[in-house]
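[1] Quick one: sequence and predicted model below, then my questions.
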Amino acid sequence: MKANDLRKWIDSLTDDIEFFYNGKHCSVCPISRSEIYLAYGEITYDAISIDDVMNAPIFNGKALGEISELIELI
């Protein structure tokens, strides 16, 4: 999925998004535009904006914006 499309989906606040990356279960849970939870296996991160979601390097040192085309949506 293109990074911009994923960003729009997250920013819509309509769904939790689950996927696999590097063999680990991951999720993005948007509560509000200032409270978005990320998970990469056992690693969790509380993002404070959509920019933070797309740029936080929690996915094995990479950001969601970098790996968006490599994820396997569930």
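    Received it, and whenever you're ready, just let me know what you need.

[2] How about residue 26: which residues does it bridge to?
    residue 19, residue 40 (DSSP bridges).

[3] Who are the contact partners of it?
    By C-beta atoms under 8 Å, 6 or more residues apart in numbering, residue 26 lies in contact with 18-20, 38-41, 59, 71. Using the backbone N, CA and C atoms, a C-beta is placed for each residue, glycine as well.

[4] Now the buried members of these.
    Buried members of the contacts of residue 26, counted by 16 or more other C-beta atoms under 10 Å: 19, 38-40, 59, 71.

[5] Now pLDDT and distance to residue 47 too, for those, in a markdown table please.
    Converted to a markdown table, these look like this (pLDDT from 0 to 100; distance: C-beta to C-beta, whole Å):
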| residue | pLDDT | distance to residue 47 |
| --- | --- | --- |
| 19 | 98 | 16 |
| 38 | 98 | 6 |
| 39 | 98 | 11 |
| 40 | 98 | 12 |
| 59 | 97 | 13 |
| 71 | 97 | 16 |
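
[6] Can you lay out the residues you listed as TSV showing distance to residue 8?
    Output for these, formatted as TSV (distance: C-beta to C-beta, whole Å):
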residue	distance to residue 8
19	16
38	17
39	21
40	21
59	19
71	15
